[in-house]
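Chemist: Here is a sequence together with a model predicted from it:
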Amino acid sequence: MSLDIKAIRSHFPIFQRETSDGVPLVYLDSTATSQKPLAVIEAMNNYYRRSNANIHRGVHTLAEEATALYEAAREKIARFINAPSARQVIYTRNTTESINLVAYTWARANLKAGDLVILTEMEHHSNLVPWHMLQAERGIELDFIPVTETGLLDLDAYQTLLARSPKLVSFTHMSNVLGTINPAAEIIRMAHEAGAVTLVDAAQSVPHLAVDVQALDADFLAFSAHKMCGPTGIGALYGKAELLESMPPFLGGGDMIKEVKLRSFRANSLPHKFEAGTPAIAEAVGFGAAVDYLASVGMDNVTAHEQDITEYALERLEEIPGVKVFGPSAQHKGGVAAFTLEGVHPHDVAQILDKDGIAVRAGHHCAQPLHEKFGIPATSRASFYLYNTKEEVDLLVNGIYKVKELFG
Amino acid sequence: MSLDIKAIRSHFPIFQRETSDGVPLVYLDSTATSQKPLAVIEAMNNYYRRSNANIHRGVHTLAEEATALYEAAREKIARFINAPSARQVIYTRNTTESINLVAYTWARANLKAGDLVILTEMEHHSNLVPWHMLQAERGIELDFIPVTETGLLDLDAYQTLLARSPKLVSFTHMSNVLGTINPAAEIIRMAHEAGAVTLVDAAQSVPHLAVDVQALDADFLAFSAHKMCGPTGIGALYGKAELLESMPPFLGGGDMIKEVKLRSFRANSLPHKFEAGTPAIAEAVGFGAAVDYLASVGMDNVTAHEQDITEYALERLEEIPGVKVFGPSAQHKGGVAAFTLEGVHPHDVAQILDKDGIAVRAGHHCAQPLHEKFGIPATSRASFYLYNTKEEVDLLVNGIYKVKELFG
Amino acid sequence: MDDLYREVIIEHYKNPGYRGHLDPHNIFFADNNPLCGDHIEITIQINEDETVKDARFDGHGCAISQASADLLMEFIIGKPIEEVKQLNKQDILDMLGIDLGPVRLKCALLSLKVLKAGVYGLGEASDSLVE
Amino acid sequence: MDDLYREVIIEHYKNPGYRGHLDPHNIFFADNNPLCGDHIEITIQINEDETVKDARFDGHGCAISQASADLLMEFIIGKPIEEVKQLNKQDILDMLGIDLGPVRLKCALLSLKVLKAGVYGLGEASDSLVE
Ligand SMILES: Cc1ncc(COP(=O)(O)O)c(C=O)c1O
Ligand SMILES: Cc1ncc(COP(=O)(O)O)c(C=O)c1O
């Protein structure tokens, strides 16, 4: 089934805007953050207009409504990733906080000097820096699954690394630069055979692919609402129940406790143990609405549509002299095309495209080591989501020709 | 000047709702969370409908708009508390995260076993549990400024505690149960004389009083947007520049870095050093709008109005046989009245009031040790904000008489 | 006044029929609701044929928690233990004759949680007993 | 095409007049923009009367950063050092003849930052030099 893109675009109010007079928005930056459908904006709107109250301990009508909405959203998110139970879904601010939560709690409780953590060369800074910090603090060791010239993970090298008995394998499900969709189930199976716990950075996969945490057998999985049609300010960490239960709490404060004395406390049960203080309530409601929206479109349809556009985009981009697209071929790849244009800096490319309303990102996309690996300081990146069209790819390509002309 | 409450109430869409058929909302739970004016709801709305993009590194129009909005809000918040510069305002999720940030970074870098941290007996769990956790991890010592029978801090006892050379004095500016407004400037001056750093839990003060961090000479000051007409999901930590600069980062990831290599990173400058990953962008915009709204009303007007209502409420409540209000007299107190009604559990009080649309909170209000001190498991709490009226106090009092009748 | 505080609840709260302590007893269990400090303890005597001979509760807390406990004790007397083990949330709501939000539900279910932990001979009362 | 990429910018980017390296020189300084990897280094010769005798930049990066550097070198030759120390953001924007958002502003100001760190003899180039 192919998506009715016209209908879908009409769900997103931002597409009514022009970036400057008469210039419509061509938004090709969903990998950084997605746009939001009206249903999500309105869900939060209604929350603030009708049900806003602090949650959990309130007896009054508003507090009960707010609590019910907040927890119903958690159920929706749990179903969306096929978590066995909603209490295994912890609300965080974003993928970054989800990963840090694991680094501060599970990792600090379980890793000691010399213990090996395996990452990959294509990680986002969010899945590098928390481990750098732990390395500096604890003396853990880090090693990296190499990325091949074509932008895939080198699984043979991974097999070799596993012989060193890592305690944790933490990797991105989909690269935000190369677009590579990594074989997560296989990476996890191999890690488990070697006795390691796994963390999946699913910031780019949950928004774009049907992700089933039980089929993957993931131990931890982190993602952000803002990349999947949801609001900023909220993300999630999924974890296996026995791991989450065994972990010490992260932030201390209201709601994460069962009982507080002047000099001690007892932690609450899941998921509250990891949610200290007044949470992002309206944002949880919006997150739930986003998941409803994506589920109504159907994740398989979303993936198929993106695949279709990406194939077309790669074809068109590669025909432009001087353009080099990074990453694997379309079949291993999500809706991301990071490229360089010979003789023109990515910032100039992005800025000139912007004058035609075309929003692409330029820079290292929070993946500096990966850019270093490919010997470039920066790329321009176009990325696609359910609301993008082939016509927009054509506009991008025309825009790049204009850039070439200007710098020719 | 007295507030035009009718106009103010018209700014808050939620007051158009009824809690059940024909029963209007009497919202007396602003200490838990405040309601939101239309200006705040619409600011976020517009952000999502027009400018939504990820910030900081984007070159395209939307990214620049979003970045400008996000940083302009920081400037507004800095001005609102008279911070010397906006880079001293760190966005967090809430007061709780702000306090934990200090506990995880400044405190873990500066406190060792045996070092004394002074808290008070009237702290919210948010300013207890982070220190319990550090006590368990590090062996720091905790001691507490006692609360007198009338609900004030015992400053003589504090003076005695200071002789033990504490490293940190962390205290609430205003109690969320007793309503006590503590003499923050004096507490800080005394702490500084003893060589201690200070952290002010300003969750209840910044929403209700004009707070000037420079006049207070506070080292750190924590507050939440949701209690001051702003959205959920965002709060702030103010800190003195030299302290913030000397502190190690908290969460690792995108945006908080200057440079990332495969095995190391360099932290970014303030405020970004402490803001890892995609932040709560829409919420920052809403936070800025909330600060604009409060500034337009005038914080002195807000305080005066609340004082007026509180005086009236204390008068009316204390005339009800069997009612006992906790905390000091109105002149030392913000807009909070926590009370017990003889023979009736606070949960029952709250629930019966709710049937008349009156929203009060019942429980320990995340201040269990304080309740223990007063020998009660729970209280009912009515709290007031700029939109409350004396008529609402009358409805509360009538409601309590109904409860008495029912249980009589 | 309203169905939440139906007369029966206030009546059972103010004049409980089954408040007290049985000695000797076959089953004893106690727990509290940490959210509000409600406390319930129960003592139960059992007949040779595995039915409830007598039952009492003691404790303090809100009208909902105390009335539920009283109604529950009344209900189980004479019932087979096997049947007591099957009691669930809905049974309590039926006894109270009202609907409750999530926070007050905890109050209402405290006595059932304590009862079931007791009859199952568990070391700890868990929320999952009453779901 | 549009005022951001005015011909003068593209022209200075493609055919810079002051790209190079002076030897001997009185001042040398180098820095990069960590966001995009742009790199600028400058060498400057100074006359006895404290005016700029000659100036060159080298480096790589976007058109904005490289053109600004070229325009800046052209501008300062012959000027008193004291005047060079006073240059600020607006001067660069005037040379470019365009307005810039916050991200691209960093590109535009990189050469000024490097220049000022050099003439002030600082160990490190800080953003506050060009505000
Ligand atoms: C005095 C005080 N401190 C801290 C907090 C915690 O605020 P938040 O839940 O927004 O983190 C509260 C809110 O209830 C409070 O009243
Ligand atoms: C692969 C990957 N991991 C992690 C992140 C960080 O997500 P967030 O900024 O929402 O924490 C991103 C977002 O850019 C990403 O693409």
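Modeler: Done, it's in. Residues are numbered from 1 along each chain as shown, chains lettered A, B, ... in the order given. Ligands and ions are numbered 1, 2, ... in the order given.

Chemist: Is any residue of stretch C:82-102 near chain A?
Modeler: Yes: using CB under 8 Å from any CB of the partner chain, stretch C:82-102 comes into contact with chain A via C:101-102. The C-beta positions use only the backbone N, C-alpha and C, and glycine is treated the same way.

Chemist: is that stretch anywhere near chain B?
Modeler: No: Stretch C:82-102 lies out of reach of chain B by CB under 8 Å from any CB, never closer than 8.7 Å.

Chemist: What mean pLDDT does that stretch get?
Modeler: Average pLDDT, stretch C:82-102: 91.

Chemist: Give me every residue in chain C that's in contact range of chain B.
Modeler: C:1-2, C:4-5, C:10, C:13-14, C:35-38, C:61-64, C:103-104, C:107.

Chemist: Tell me which of those fall in strands.
Modeler: Residues of these located in strands (DSSP state E): C:Asp38.

Chemist: Give me the subset of the residues of chain C next to chain B that lies in helices.
Modeler: C:10, C:13-14, C:63-64, C:103-104, C:107 (DSSP state H).

Chemist: who touches the closest residue to chain B within chain C in this structure?
Modeler: Across chain C, no residue is closer to chain B than C:Gly37, which sits at 2.7 Å (CB to the nearest CB). By CB atoms under 8 Å, 6 or more residues apart in numbering or on different chains, the residues touching C:Gly37 are B:364, B:377-378, C:61.

Chemist: Recalculate using a threshold of 7 Å.
Modeler: B:377-378 (CB atoms under 7 Å, 6 or more residues apart in numbering or on different chains).

Chemist: Then A:Thr150?
Modeler: A:Thr150 touches A:Pro328, counting by CB under 7 Å, 6+ apart.

Chemist: just to revisit the earlier point, please list only the buried members of the ones in helices among the residues of chain C next to chain B.
Modeler: Using 16 or more other CB atoms under 10 Å in any protein chain shown as the burial test, those include C:10, C:13, C:63-64, C:103-104, C:107 as buried.

Chemist: Closest to B:Leu216 out of these?
Modeler: C:Val103 (36.9 Å; CB to CB).

Chemist: Just give the number of residues close to residue 31.
Modeler: Answering for chain A, as no chain was given. A:Thr31 has 29 neighbours, counted by other CB atoms under 10 Å in any protein chain shown.

Chemist: that's the wrong chain, I wanted chain C
Modeler: 20.

Chemist: Show me what the helix or strand hosting it is packed against.
Modeler: Per DSSP states H and E, C:Asp31 falls inside strand C:27-33. Judged by 3 or more CB pairs under 7 Å, 6 or more residues apart in numbering or on different chains; DSSP states H and E, the packing partners of strand C:27-33 are strand C:38-46, helix C:102-119.

Chemist: Can you lay out those as JSON lines showing distance to B:Glu342?
Modeler: What follows is the helices and strands packed on strand C:27-33, written out as JSON lines (distance: least, CB to CB, whole Å):
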{"stretch": "strand C:38-46", "distance to B:Glu342": "17"}
{"stretch": "helix C:102-119", "distance to B:Glu342": "20"}
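
Chemist: Could you say which of these is packed most deeply?
Modeler: Mean neighbour count (mean count of other CB atoms under 10 Å in any protein chain shown) peaks for helix C:102-119 among those, with a mean of 23.
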